[in-house]
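J.: predicted model, plus sequence, below.
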Amino acid sequence: MPELLNTIFSYEFLTRALGVGLLISLCSALLGVSLVLKRFAMIGDGLGHVGFGSLAVATALNWAPLALSMPVTVVAAFFLLRISANRQIRGDAAIALLSASSLAIGVFVISATTGMNTDVDSYLFGSILTLTSADVVLAVGLCVLVLGLFVVFYNRIFAMTFDERFAQATGVPTGLYNSLLAALVALTIVVGMRMMGALLISSLIIFPALSAMRHGRSFKTVTWQAALISTACFLVGLLASVHFATPTGASVVLINLLVFLALSISARRRF
Amino acid sequence: MNSLIESDNAAFAYAGRTVVKGLNFCLETGDYLCIVGENGSGKTTLVDGILGLKQPCAGAIRYRPDLRRSSIGFLPQSRDLDRDFPANVSEIVLSGRLGHKGLAPFYTRADRRAAAEALMMCGIKDQKKCFFGALSGGQKQRVLLARALATAPDGLKLLILDEPMNSLDPAAKSDLYALIAELNSCRQITVIMVTHDVNTALHYANKVLMLGSEQVFFGTSAEFLQTAGARELLRDACADNCAVCGLDHRPQA
């Protein structure tokens, strides 16, 4: 273990991956608890695909990747949140439609402009080599925003996650908080996507919340346990990927899956 | 204005389509109003209107100046709630205090005292650390009622309950009715209850508002029982020659 950590700190790209990964894991776990409990988990998956499409278009246009993918993904998050909350529209179908379309646009644009010379795999499944120091700065900024939101508005986030209509009736501006959450989820996905991959980034949002809910019996416990599980799983996944030379994104997801299964089994024995 | 709430020909619409119109009623302190009607008759829309979540498209709903949002307790329909939501009773009841918080981020000692008092009023003080999902249906409704009362345990003026008896067993229903009646009579809290359980609710309510796509009836419970609407509404719920409401529901010759 200490040797592995030494290895990580002796390579700049690995140190960056560790920093960005831990911060993004923390953000996605905190946001994920609310998203999963409000049954909006698939929004994370949809946004990953939208991020891929916009990243591909930015690359084709020779723009800075985040300059396009950030605003596009934030707008898509508002759109998905609105249709998911609107019971007259089939939110799950709309998410599937947007996901498939974004994926198709991404692959089509890459294929038409660079003849698939671009490594599509690194977009879809992630690569820690793509992270820059600008990503570290972004991840720190995002983490400060998300932690700030949770510390200051924790009680309101709980109220609107548990019962949005009641929260509205007590004067909580639920639309504003939902939009803020959607924007932060979109930013978390864009920043974390190149490391984890467009297809795997949503797992950082969904798995820790689900794992923490196996045993957690209060919102506070579930929230801090999700944050702990998410960062621990990322650390172990990154170490495993360095040790066994496996893809980082997939390794982190598999560790998350193992933790989820272990906690599910122990919860069954307990209750 | 002496009435606590007064509706002056109010109407509500969704996407340009009027859901309910011609609402004319008034409530005084200590009234117990039962809102009845078929599904889709606009009962929940009216509740949203009274809570200020929806503005009338015509007419107006007026409030006595001392009736503020922070003196209104609300128990929404619970069928949309995740019954296994990871929350304990204390967290849920405390969230009833949010209306008083403004932008303040944390609950104060006064908030915790108010939540404890609300728990005591609902008889669930010992369950404050319990997991919400582990409680029975009746206990869960008591928790949600405690959350509504925590808004202002000492100064609550209006309690709005949207179908609180849904999916409760008879014993739990009876307990909850008794608790609400006690709050109404002992603390002079005005109660507005949307319900399908008309025959039991009429035992407690002194006023009835019946909705179709417009207001069908507003008056006292005694007056309501004499109407054809009441006969129709109670026919399915009561047995022939019903001992509960005193009406003879047998087909008339």
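T.: Right, received. Where do you want to start?

J.: give me the below-cutoff pLDDT ranges for the stretch 1-150 of chain B.
T.: Within the stretch 1-150 of chain B, the segments meeting pLDDT under 70 span B:1, B:79-80.

J.: can you show me the helices along it?
T.: Taking DSSP state H, counting those that start in this stretch as the test, the helices found in the stretch 1-150 of chain B are B:43-51, B:89-94, B:109-121, B:137-150.

J.: okay, buried residues for the helix or strand bottoming out on mean pLDDT in chain A please.
T.: Ranking every helix and strand in chain A by mean pLDDT, DSSP states H and E puts helix A:120-125 at the bottom, with a mean of 76. Within helix A:120-125, the residues that qualify as buried are A:120, A:122, A:123, A:124, A:125, counting by 16 or more other Cβ atoms under 10 Å in any protein chain shown. Yep, even glycine has a C-beta here, placed from its N, CA and C like the rest.

J.: for stretch B:103-115, same thing?
T.: Of all the residues in stretch B:103-115, those buried under the rule 16+ other Cβ under 10 Å are B:107, B:111, B:114, B:115.

J.: same question for stretch A:226-239.
T.: When burial is assessed from 16+ other Cβ under 10 Å, stretch A:226-239 yields the following buried residues: A:226-227, A:229-239.

J.: which ones among those residues map onto strands?
T.: Secondary structure from DSSP state E places none of the buried residues of stretch A:226-239 in strands.

J.: whichever residue of the stretch 101-250 of chain B sits closest to chain A pairs with what?
T.: Using Cβ to the nearest Cβ, the point where the stretch 101-250 of chain B gets nearest to chain A is residue B:131, with a distance of 4.0 Å. Beta bridges link residue B:131 to residue B:88, judged by DSSP bridges.

J.: okay, now it: neighbour count?
T.: Applying other Cβ atoms under 10 Å in any protein chain shown, we find 16 residues neighbouring residue B:131.

J.: do the same with residue B:234
T.: Residue B:234: 20 surrounding residues under other Cβ under 10 Å.

J.: secondary structure of it: a strand, I assume?
T.: No - for residue B:234, which was evaluated using DSSP: H, G, I helix; E, B strand; the rest coil, the result is helix, with no strand membership.

J.: check contacts around the residue of the stretch 101-250 of chain B closest to chain A.
T.: Residue B:131 makes contact with A:217, A:218, B:86, B:87, B:88 under the criterion Cβ atoms under 8 Å, 6 or more residues apart in numbering or on different chains.

J.: could I get the full set of helices for chain A?
T.: A:2-10, A:12-37, A:41-60, A:65-85, A:91-114, A:120-125, A:133-162, A:164-169, A:174-196, A:201-215, A:219-244, A:248-270 (DSSP state H).

J.: take those and lay them out in TSV including distance to residue B:205.
T.: Output for the helices of chain A, formatted as TSV (distance: least, Cβ to Cβ, whole Å):
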stretch	distance to residue B:205
helix A:2-10	69
helix A:12-37	36
helix A:41-60	42
helix A:65-85	34
helix A:91-114	38
helix A:120-125	61
helix A:133-162	29
helix A:164-169	22
helix A:174-196	31
helix A:201-215	40
helix A:219-244	36
helix A:248-270	45
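
J.: what count of nearby residues applies to the residue in the stretch 1-150 of chain A positioned nearest to chain B?
T.: Distances between the stretch 1-150 of chain A and chain B by Cβ to the nearest Cβ are smallest at residue A:37, namely 6.4 Å. Other residues near residue A:37 come to 21 when the count uses other Cβ under 10 Å.

J.: any idea how far the closest residue to it other than its chain neighbours is from residue A:78?
T.: What sits nearest to residue A:37 in space, not counting adjacent residues and going by Cβ to Cβ, 6 or more residues apart in numbering or on different chains, is residue A:161, at 5.1 Å. When Cβ to Cβ, to the nearest Å is applied, the distance between residue A:161 and residue A:78 equals 18 Å.

J.: try residue A:145
T.: On the measure of Cβ to Cβ, residue A:145 and residue A:78 end up 17 Å apart.

J.: what does the stretch 151-271 of chain A put close to chain B?
T.: Counting by Cβ under 8 Å from any Cβ of the partner chain, the residues of the stretch 151-271 of chain A close to chain B are A:151-156, A:158-159, A:162-163, A:165-172, A:213, A:216-222.

J.: rerun that using 7 Å as the cut-off
T.: With Cβ under 7 Å from any Cβ of the partner chain as the criterion, the stretch 151-271 of chain A comes near chain B at residues A:152-153, A:155-156, A:158-159, A:162-163, A:165-172, A:213, A:216-219, A:222.

J.: pLDDT weak spots in chain A?
T.: Across chain A, the ranges flagged by pLDDT under 70 are A:85-91, A:114-120, A:269-271.

J.: recalculate using a threshold of 50.
T.: Residue ranges of chain A with pLDDT under 50: none are present.

J.: how far does stretch B:36-50 sit from the chain's center?
T.: When C-alpha coordinates are averaged (Cα atoms, centre = their mean, to the nearest Å), stretch B:36-50 and its chain have centres 11 Å apart.

J.: tell me how many other residues crowd residue A:106.
T.: If you count neighbours by other Cβ under 10 Å, residue A:106 ends up with 25.

J.: pretty sure it contacts residue A:53?
T.: Yes - using Cβ atoms under 7 Å as the test, residue A:106 is close enough to residue A:53 to be in contact (4.1 Å).

J.: where along chain B do the strands fall?
T.: With DSSP E, the ranges of strands along chain B come out as B:5-14, B:17-27, B:32-37, B:58-63, B:72-75, B:158-162, B:190-194, B:207-211, B:215-220.

J.: okay, the longest one in CSV with CA atoms only?
T.: It refers to strand B:17-27. As requested, C-alpha coordinates have been extracted for strand B:17-27 and formatted as CSV (Å, rounded to 0.1, in the frame of the first residue of the first chain):
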residue,chain,number,x,y,z
ARG,B,17,-58.1,24.8,-18.4
THR,B,18,-60.3,25.7,-15.5
VAL,B,19,-60.2,22.9,-12.9
VAL,B,20,-62.6,24.3,-10.3
LYS,B,21,-64.6,27.5,-10.2
GLY,B,22,-67.2,29.5,-8.3
LEU,B,23,-65.6,28.9,-4.9
ASN,B,24,-67.5,30.9,-2.3
PHE,B,25,-66.9,30.0,1.3
CYS,B,26,-65.6,31.4,4.6
LEU,B,27,-64.0,29.9,7.7
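
J.: reformat the buried residues of stretch B:103-115 as TSV; add distance to chain A.
T.: Formatted as TSV, the entries for those read as follows, by distance: Cβ to the nearest Cβ, whole Å:
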residue	distance to chain A
B:107	7
B:111	9
B:114	13
B:115	12
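
J.: just curious, which of the residues you listed is nearest to residue B:94?
T.: Using Cβ to Cβ, residue B:115 is the member of the buried residues of stretch B:103-115 that sits closest to residue B:94, with 4.8 Å.
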